[in-house]
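J.: Predicted coordinates and the sequence they were generated for:
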Amino acid sequence: MTDPAPSPSDLAREQILSAVLRHVPFDGWTQSALRKAVKDSQLPEGAEELYFPGGPLELISFWSDVSDEKAAKALRSKGLGNMRIRDKVTAGVLVRLETIGAHEEALRRALSRLALPDAMGQGARQLWASADMVWREIGDTSTDGNFYSKRAILSGVIGSSLLSWLSDETEGKEKARAFLDARIENVMQFEKAKWSFKQKTENLPDPAEMLGRLRYGRRRRRRSR
């Protein structure tokens, strides 16, 4: 199945994104950088209001979405079917980190912008979306509480690994890769412990049910006197 062709609006937004990534290392994620990107893209003056009415914050969100889509396509081409879950998750996070490419300074500037009060919650939503992308692309089908716990935990892994990635100046990002491996190992140990606890307690009586019986049983005895 092929992806649908991008609309003219999508193409314009991608043009602006590509152009702005050249300016934000110097100008930050500002309205000025956005206007310069519009000019570089040979779009009409004021087009930023049409394509990104939410300003630089909307553009940062769009960059995150585009990067998630690139990572998803890369994961589909890898053929992860026979790998262990931990290796699939590691591959997913690595592919997402690799989408940063040569734009590390732009991402540092984005993280600084997302730390301001008017961007409250946006960074967390972007991490959640990236974690959801990884789980979906490696075949996760959970629909219960595990759906949310998996994504919440992986959001934390991606966030901490992202900071490690940006601070790692070694060739091949070896330190950041080792950091990611350690975080994934922590997640796997937690999942094992959670599964072990579930198996050991699944046949035990429900404490809430027992308390309910005691409570309402006493009331029934009182009424019978």
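T.: Nice, I can see it.
J.: residue ranges of the helices in this protein, please?
T.: 8-27, 31-40, 47-51, 55-76, 85-98, 104-114, 122-137, 145-167, 174-201, 207-224 (DSSP state H).
J.: Quick check: buried residues in the fourth one?
T.: Neighbour counts using 16 or more other Cβ atoms under 10 Å place 56-64, 66-68, 71-72, 74-75 of helix 55-76 among the buried residues. From N, CA and C alone the C-beta is placed, and that goes for glycine too.
J.: One more: the first one?
T.: Of the residues in helix 8-27, 12-13, 15-17, 19-21, 23-24, 27 count as buried by neighbour count, 16+ other Cβ under 10 Å.
J.: any idea of the angle that helix forms with helix 31-40?
T.: Using axes from the mean of the first three to the mean of the last three Cα atoms, to 10 degrees, one finds that helix 8-27 and helix 31-40 are set 130 degrees apart in direction.
J.: now for helix 8-27, which elements pack on it?
T.: With contacts defined as 3 or more Cβ pairs under 8 Å, 6 or more residues apart in numbering; DSSP states H and E, helix 8-27 has these neighbours: helix 31-40, helix 47-51, helix 55-76, helix 104-114.
J.: For those, give me CSV that also has distance to Ser160 and mean pLDDT.
T.: Formatted as CSV, the helices and strands packed on helix 8-27 follow (distance: least, Cβ to Cβ, whole Å; pLDDT from 0 to 100):
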stretch, distance to Ser160, mean pLDDT
helix 31-40, 28, 97
helix 47-51, 33, 96
helix 55-76, 17, 97
helix 104-114, 13, 97
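J.: In a markdown table, list those along with distance to Ala176.
T.: Converted to a markdown table, those look like this (distance: least, Cβ to Cβ, whole Å):
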| stretch | distance to Ala176 |
| --- | --- |
| helix 31-40 | 27 |
| helix 47-51 | 33 |
| helix 55-76 | 16 |
| helix 104-114 | 11 |
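J.: how about those, which one is nearest Tyr148?
T.: With Cβ to Cβ, the closest approach to Tyr148 among these belongs to helix 55-76: 18.4 Å.
J.: elements contacting the closest one?
T.: helix 8-27, helix 31-40, helix 85-98, helix 104-114, helix 122-137.
J.: follow-up on the earlier one: looking at the helices of the chain, which one has the lowest mean pLDDT?
T.: The stretch with the lowest mean pLDDT among the helices of the chain is helix 207-224, at a mean of 51.
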